[in-house]
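In: Sequence isn't available, so here's the structure alone:
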């Protein structure tokens with residue numbers, strides 16, 4: 001049986017595009033056959049964990065998904081927009097970890113996914129199918145429950161690098177553990193072109209950002 005737990009950590013403010021996208025996606029998922037899985041029974045649950053500790057929020061939702069015998073966890077951030085068929089496309093791939101590539105909301109708008117040789121993973125108009133990667137963002141990320149059971153808590157604990165005095169985001173250490181457990185990670189380029197990262201305006205895969213936008217207006221004058 002396919003049973004997806006849609007899991008969203010949030011500080012308490014959810015973007016309108018996320019809400020509308022989620023409703024449309026759930027309806028599409030329940031009504032539309034999934035290639036290769038047409039005869040599977042399917043279910044879905046939704047979870048939203050409110051709080052400032054995103055690492056704990058993610059682990060709490062994963063534990064609930066395991067208890068409710070879900071087959072997959074779909075992480076979606078509260079500032080994402082996505083087309084209704086994104087979940088169905090990903091499920092049809094039948095891979096352990098699959099994520100969408102999207103731009104960061106700060107200039108120059110680099111993509112979140114990183115290739116196996118630690119370079120920026122690009123999504124273009126010509127990008128198709130799947131591309132193996134090292135890690136990416138959790139903005140829209142489908143994970144089989146077997147992967148999450150194999151990676152023990154704390155799954156999403158941020159790391160500190162004293163040489164650069166910086167912290168990682170919670171996705172980086174998780175994907176390192178996933179690789180150590182022997183699971184590959186892929187970018188779904190078709191889904192990547194169907195998601196947006198929404199801030200003061202919509203950040204889509206084919207939109208570049210001018211670095212000067214990061215400079216305060218008074219300094220630019």
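Out: All right, it came through fine. Since the model is a prediction, treat every value here as computed from it, not as a measurement.
In: Helix or strand next in line after the helix or strand harbouring residue 64, which one?
Out: Using DSSP states H and E, residue 64 sits in helix 54-67. Remark: after helix 54-67, the chain's next helix or strand is strand 72-76, criterion DSSP H and E.
In: Residue 159 contacts residue 170, correct?
Out: No. The criterion here is CB atoms under 8 Å, and residue 159 misses it with residue 170 at 9.4 Å. Where C-beta positions appear, they are placed from N, C-alpha and C, glycine not excepted.
In: circling back to that earlier point, what packs against the helix holding residue 64?
Out: strand 2-10, strand 42-50, strand 72-76, helix 145-150 (3 or more CB pairs under 8 Å, 6 or more residues apart in numbering; DSSP states H and E).
In: what sits up against that helix?
Out: When contacts are defined by CB atoms under 8 Å, 6 or more residues apart in numbering, helix 54-67 is touched by residues 5, 7, 9, 45, 47, 49-51, 73, 75, 138, 145, 148-149, 153-158, 170.
In: If any of those residues are buried, put those into a PyMOL selection.
Out: Buried residues within the contacts of helix 54-67, by 16 or more other CB atoms under 10 Å, are selected in PyMOL with:
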select buried, resi 5+7+9+47+49+73+75+138+145+148+155+156+170
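In: any idea which helix or strand carries the residue lying closest to residue 184 once chain neighbours are set aside?
Out: Closest residue to residue 184 apart from its sequence neighbours, by CB to CB, 6 or more residues apart in numbering: residue 132 at 5.9 Å. Using DSSP H and E, residue 132 maps to strand 130-135.
In: Might one say that residue 125 is in contact with residue 206?
Out: Yes. Between residue 125 and residue 206 there is a contact under CB under 8 Å: 6.3 Å.
In: Need the overlap of contacts for these two.
Out: Common neighbours of residue 125 and residue 206 (CB under 8 Å, 6+ apart) are residue 193.
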